[in-house]
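Enquirer: Sharing a sequence plus its predicted fold:
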Amino acid sequence: MPNQRRVTRRLGLKALLAATVTLPLSSAAIIPSAASSAASRSRRASTLAAPSRPAPRLDVMTFNLRYASSAEPNSWADRRPVMRELLRRARPQVIGTQEGLYQQLRDIDTDLGPHYDWIGTGREGGSRDESTAVYYDIRRLAPVEHYTFWLSDTPEVVRSNTWNAAFPRIVTWVRFRDLADDGREFYVANTHFDQRSQYARERSAALLVRRIAEFDRALPVVVTGDFNAYAHKNPAYDTLVDSGLVDTWDAAKHRGPRYATFHGYHRLRPDGDRIDWILTSPGVTTHRATMDTFSMQGQFPSDHLPVQVSLSLR
């Protein structure tokens, strides 16, 4: 039986503290029952029959947090207040994060306040290592199911790494119900591709495309991540957009200034290359795309800029 993961903040990660790796679950744990599938189809049918009205916009952010460290400069203690202020100002309904460590993720959860929750687990199979956690506004969204798989030839094997990546790499996906849009559902898939191996990035992109193809095709998909690959200049990017996924930065009706999304705590580079992207399935409208350059007294919250988009999923 493959190792499968459905880890939530309040329950799953507490269990992981005791058991470091996930317990095997049956495949039924992540596949909706016939009754729930029928109910979902019924909701979609009734929604389609209802009078048309503008879809509420959904604000989505992707943000490589830079893992928490006590090393100076740019320690987590120095960065956390800046991160807190940036996120409180931005208030996206979904935040796909990369590199967050467990205590760092808990700090961010505290700083976001009681209206947010998160889903994620560590890439090594425990709670102490880096995660691709997804935060969401509980006033707007309710998770229906979620899953984590490894970017390798054995995606269900915890901490597997078969493509010469520097570290095991993962994708965390969540199917959400939008409480502000008649219960419509959509997927968010969040990932962090390897920084060392181009081969791993290309294989990761191909696997991600295959897994997205297994989603309910009637539902929109939003992909967030640090892909460690330049948009428009890397075969991994080509694989994803050639599959039909849309680069929201290119598709946006309005865009803010563009910078290199990785700045390494140095001066921002206007018109630089993007390695942090948000992609969507066709049919999603991107109203605006921005890069948040917020800092306080010269301190950035991370060595990456967060990218945020405003979407209509229908």
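Expert: Now that the structure is in, tell me what you want to look at. Numbers count the residues shown, from 1 in each chain.

Enquirer: could you dump stretch 273-289 to CSV, C-alpha only?
Expert: Output of stretch 273-289 as CSV, limited to C-alpha atoms (Å, rounded to 0.1, in the frame of the first residue of the first chain):
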residue,chain,number,x,y,z
ASP,A,273,13.6,37.2,-14.5
ARG,A,274,10.8,35.5,-12.7
ILE,A,275,11.3,32.1,-11.0
ASP,A,276,8.2,32.5,-8.8
TRP,A,277,5.0,32.0,-10.8
ILE,A,278,1.3,31.6,-10.5
LEU,A,279,-0.3,29.5,-13.2
THR,A,280,-4.0,28.7,-13.8
SER,A,281,-6.1,26.5,-16.0
PRO,A,282,-7.7,28.1,-19.0
GLY,A,283,-10.8,30.1,-18.4
VAL,A,284,-9.6,31.8,-15.3
THR,A,285,-9.4,35.6,-15.6
THR,A,286,-6.4,37.4,-14.1
HIS,A,287,-7.3,40.9,-13.3
ARG,A,288,-4.1,42.1,-11.8
ALA,A,289,-0.6,40.7,-11.1
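
Enquirer: Numbering from 505 from now on, please.
Expert: Understood, numbering begins at 505; the last thing we discussed is stretch 777-793.

Enquirer: Tell me the buried residues in it?
Expert: 777-785, 788-790, 792-793 (16 or more other C-beta atoms under 10 Å). C-beta: built from backbone N, CA, C; applies to glycine.

Enquirer: Closest one of the residues you listed to R700?
Expert: Closest approach to R700 among the buried residues of stretch 777-793 (C-beta to C-beta): I779, at 13.6 Å.

Enquirer: Contact partners for the closest one?
Expert: Contact analysis of I779 by C-beta atoms under 8 Å, 6 or more residues apart in numbering lists D730, F731, N732, A733, Y734, A735, T765, F766.

Enquirer: again, only this time at 7 Å
Expert: Contacts for I779 were tallied using C-beta atoms under 7 Å, 6 or more residues apart in numbering; they are D730, F731, N732, A733, Y734, T765, F766.

Enquirer: ok, now how distant is the fifth one from L569?
Expert: Spelled out, that is Y734. Counting by C-beta to C-beta, to the nearest Å, the separation of Y734 from L569 is 21 Å.

Enquirer: Between those two, which has more neighbouring residues?
Expert: For Y734 and L569, the more surrounded residue by other C-beta atoms under 10 Å is L569, and the numbers stand at 26 against 15.

Enquirer: Surely the more buried one touches L605?
Expert: No: L569 lies out of contact with L605 (C-beta atoms under 7 Å); the separation is 8.7 Å.

Enquirer: Show me the shaky parts of the protein.
Expert: Where the chain drops to pLDDT under 70, the residues are 505-556.

Enquirer: what are the ranges of the strands in it?
Expert: Remark: strands assigned in the chain by DSSP state E are 562-568, 598-602, 620-623, 638-641, 645-654, 674-682, 689-696, 725-730, 750-751, 758-759, 780-784, 789-795, 811-816.

Enquirer: who touches the first one?
Expert: Contacts of strand 562-568 with the rest of the structure, by C-beta under 7 Å, 6+ apart, involve 594, 596-603, 726, 728-730, 780, 782, 806, 808, 810-815, 817.

Enquirer: quick check, distance from that strand to the centre of its chain.
Expert: 8 Å (C-alpha atoms, centre = their mean, to the nearest Å).

Enquirer: Repeat that for the fifth one.
Expert: Its chain's C-alpha centre and that of strand 645-654 lie 11 Å apart, by C-alpha atoms, centre = their mean.

Enquirer: packing partners for it?
Expert: For strand 645-654, the packing partners by 3 or more C-beta pairs under 7 Å, 6 or more residues apart in numbering; DSSP states H and E come out as strand 674-682.
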